[in-house]
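Asks: no sequence on this one, just coordinates:
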């Protein structure tokens, strides 16, 4: 069924002005189409009208098939000189341009092959009333998508005034139906402006509904929004008296959804007369919209007089503002501002330097953060009356949540039947970082929640970090309606735009933008909720604004409370996702920096009275629900479940509860993490992303990688070591002597082997895996034999006297570890094994090379570094050869304990304090994936991503075994972070790292010869287990990441333990000795079933 949309102004008609085209040279100008018709639309907010709305940031998008089209109607015959098509990424590869005088018989005037999309300007020199783009082949797996079509030429003289269309919205004054299913489905529900209320008939074919328009009008079009119970066949009829009816059009094969029906009929009454139902229910219509001319409206401000199902008049006027303070200057015709309260001033972050703590305890250590450390950003606070204010940060992404690389459905019929596309065409692009992501493209939504203060209102404001954003829209969804056809961005709802963009009866919009100069409460959006199902007086689909619309995009978790007319309660859920646009320059790129202009963003779950909570998808179509506390590995700083089949990007996401300013800090730090210190280029899109020239040529003469990301594969670990390959993504710590009393650096390599060099004539320092040495074999139940091997290394130059090979660890959760109070970690230490369980646990101590202060060690395989700043600075020096305020010269790589290092002046080309701070903020704000121990159930035959396939019962049994085997004595399941970290997102979080962050003796088999402070050769920090099950995805090859979702078995490219010797989790456990020997022995004795349960638990982390 074609989808018909309108422009609400009449074209220029030369003959009406007394002009004739005959004998004159007609000046070519841009033509204004009066309507657009499309074969289909992907969703309501990307309908055909968007291709002619003069807004380059909106678009028409078809269903995902080749046989789709879009035509423009100019109201009368016109001469077309040229046409310009502005394609979105989903463009036509091959298509035809056609003209017609009746919209039925088409003539092809041009065939375009091998189109490259973008902006296409085509010469036409033809005539007709209608101009059509007829798709032949798509360029992507999506449909066809056009931002805007502009046509140039002139209108031809016409003697028939009916050739010119001047359509406007016709407003019905009442509705009457043959019957209704119940009291909540009366006829007026089909004209109340809400896409969640509906008229529903009795359950037989002979049912009808008609609408009274007050006087005789001309009907040019009728839009019908069907609920799932639609009419397969029906007639559209008109009448002057509601007794004698004339059929204007008969529809014989409707497929429901959205029917846009062109008409040419006159009458006061318009009736939809059912002929044949599509289901066993009756007929059900969400909303109708009639277009035409001739309606008599005495006063445009007079509200529509509707009656409810009991015949009582519904008052649709807006109450006057009665709240305290000055009412905001919003259009009261669109928002009911009753009891709108004025926000308290937004708290500003302190500009003072953070205080330094004093040494404490018998060890004389200095806490990382002093009491009352000021916040970098206020992410959540409570006003005096209890109103909760939450700042939610957002960044750009390429595509939608829950969207993988292939269309969900191959047709609308498959959608209706829940017959999902089973062909896996690769990953989605929701977790990506588009080009230019690090500048001018982050924002925050400031959510002001008055429910804790006793008022049923939630308001949303926009704050931009840099520059300005145009036409920012926010969607909030879903209903729990089982007939909902889409989810997320496709959930039958449009965008809710910034205030001061009122949509009057013409539905034309005025552009509005917010800039970084605006305050947190200067840019309020239309998203003001008075109840879970009521968005003040405006329906978010913008069909129109009435007194009692029902918002289906927010739902209550309390099934005992009727949805209709209820107020907000603590715990109600609101899903939010923004989309935003930057101002375009003359060349179509962003005026501010030449990058992209249009972006999707993350989808987040706001829980009323609580804040942003990580979510997972629930039946039927992955509606958001808050993850339970036991799944939140990082507390509310965990990242949500991901359904776009991008598990390899799981370690690169920000904490879920991130603020707006901190989101900008996050993306700027990520840029530095991905920047080459050789040429300043970004690892992603190096020829498109702006070069970070300030950091070019800072790399040392020798190094292991040119950027941080080189060693931390996808923010995970080093690449696996294979026989015959070099291991420059690993660190090789070296020493001539390393004991508890003395350290002497290796005379050839210094502190570590820097295997690469910019100088082609430099000595070869490469290290290669020459083979693997079998240490022992272990036989487990089920006749499973496990061979424990370790790599044998070949040094191209001298073999160090003492060395330790260490793989780069994953970098997730570092901020949460930093936020732990020292007392929390030290409370778990048992240096003398006072409880007699064989588990000791001792802290390591670290001396900050910049300040000389003694800190509790937290980072590195032996907990040798006390802060993220220290860890980052040492990695820059040892692995990239970059100096910093902590390690000021190359002498520090040779020997960090030497006087030459400690007394050196800061070398030229060093990173500065601001750079270290930028890098540290990024690492602090990296989120931890939530544990995957909650089952995801989709409706129909939808394929669940492999990382979400789980046996929850097995996971629970495995967790119990983990505790019974005393594994939790070192891998402490849970802790709570302190309240002094400068990042509010990290404070007071109940986390589940499965680590005590202490040193434990792991036995001689794992010992190396390097001593770090308190850590002897056989002592290692307990490695956190969060993210363990996703490591395999981060270690995939580039080809595997780009292909279909992989179901990983036990053996993957992930490697475990400090030197990556263990190829499986089973091997890693079997290497445990020393304090862990008793637990390992119990593991060896497990039945095959119990062993698999334990591994299922570990892989869920």
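Replies: Okay, I see it. Predicted model only: the values in this text are computed from it and were never measured.

Asks: ok now the longest helix seen in the chain, how far from the chain's centre?
Replies: Scanning the chain for the helix with the most residues, using DSSP state H, yields helix 660-674. Put simply, helix 660-674 sits 16 Å off its chain's centre (C-alpha atoms, centre = their mean, to the nearest Å).

Asks: outline the domain layout of the protein.
Replies: 3-163, 168-220+228-286, 380-398+434-612, 931-1100 (automatic domain parsing).

Asks: got JSON lines for those, with mean neighbour count, mean pLDDT and distance to residue 867 too?
Replies: Every C-beta, even on glycine, is put in place using the N, C-alpha and C of the backbone. Shown next, in JSON lines, are the domains of the chain (neighbours: other C-beta atoms under 10 Å; pLDDT from 0 to 100; distance: least, C-beta to C-beta, whole Å):
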{"stretch": "domain 3-163", "mean neighbour count": "18", "mean pLDDT": "78", "distance to residue 867": "43"}
{"stretch": "domain 168-220+228-286", "mean neighbour count": "19", "mean pLDDT": "87", "distance to residue 867": "52"}
{"stretch": "domain 380-398+434-612", "mean neighbour count": "20", "mean pLDDT": "66", "distance to residue 867": "24"}
{"stretch": "domain 931-1100", "mean neighbour count": "19", "mean pLDDT": "93", "distance to residue 867": "11"}
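
Asks: format these as a markdown table; extra columns: distance to residue 685.
Replies: Formatted as a markdown table, the domains of the chain follow (distance: least, C-beta to C-beta, whole Å):
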| stretch | distance to residue 685 |
| --- | --- |
| domain 3-163 | 15 |
| domain 168-220+228-286 | 38 |
| domain 380-398+434-612 | 5 |
| domain 931-1100 | 14 |
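
Asks: now stretch 652-660: mean pLDDT?
Replies: What stretch 652-660 shows for mean pLDDT is 97.

Asks: picking up where we left off before, let me know which of the domains of the chain is the nearest to residue 890.
Replies: domain 931-1100 (21.1 Å; C-beta to C-beta).

Asks: and stretch 736-749, how far apart are its ends?
Replies: This stretch, stretch 736-749, spans 10 Å end to end (C-alpha to C-alpha, to the nearest Å).

Asks: correction: stretch 752-765
Replies: Termini of stretch 752-765 sit 11 Å apart (C-alpha to C-alpha).

Asks: how about that stretch: buried residues?
Replies: 752, 753, 754, 755, 756, 757, 765 (16 or more other C-beta atoms under 10 Å).

Asks: on the three-state scheme, the nearest residue in space to the second one that is not next to it in sequence is what?
Replies: Take residue 753 and drop its neighbours on the chain: the residue closest to it by C-beta to C-beta, 6 or more residues apart in numbering is residue 732, 4.1 Å away. Under DSSP: H, G, I helix; E, B strand; the rest coil, the three-state class of residue 732 is strand.

Asks: and the gap between residue 732 and residue 241?
Replies: Computed with C-beta to C-beta, to the nearest Å, the distance linking residue 732 and residue 241 is 93 Å.

Asks: next helix or strand past whatever helix or strand residue 960 lives in?
Replies: Taking DSSP states H and E as the definition, residue 960 sits inside helix 952-964. Of the helices and strands lying after helix 952-964 in sequence (DSSP H and E), the nearest is strand 975-976.

Asks: now that next one: how far from the chain's centre is it?
Replies: 28 Å.

Asks: give me the contacts around that strand.
Replies: Residues external to strand 975-976 that are found in contact with it (C-beta atoms under 8 Å, 6 or more residues apart in numbering): 820, 824, 825, 988, 989, 990, 991, 993.

Asks: so the residue nearest to residue 753 bridges to which residues?
Replies: residue 805 (DSSP bridges).

Asks: so what's it up against?
Replies: 749, 752, 753, 755, 767, 800, 803, 804, 805, 806 are the contacts of residue 732 under C-beta under 8 Å, 6+ apart.

Asks: just the ones of these in strands?
Replies: Members of the contacts of residue 732 lying in strands (criterion: DSSP state E): 767, 803, 804, 805, 806.

Asks: surely the third one meets residue 1008?
Replies: Yes: taking C-beta atoms under 8 Å as the definition, residue 804 is a contact partner of residue 1008 at 3.6 Å.

Asks: mutual contacts of these two, please.
Replies: 733, 1058.

Asks: tell me which two of the buried residues of stretch 752-765 sit farthest apart.
Replies: Most distant of the buried residues of stretch 752-765, by C-beta to C-beta, are 752 and 757, 14.1 Å apart.

Asks: isn't residue 395 up against residue 437?
Replies: Yes: between residue 395 and residue 437 a contact is recorded at 6.3 Å, counting by C-beta under 8 Å.

Asks: overlap of the contact sets of these two?
Replies: Common contacts of residue 395 and residue 437 (C-beta under 8 Å, 6+ apart): residue 667.
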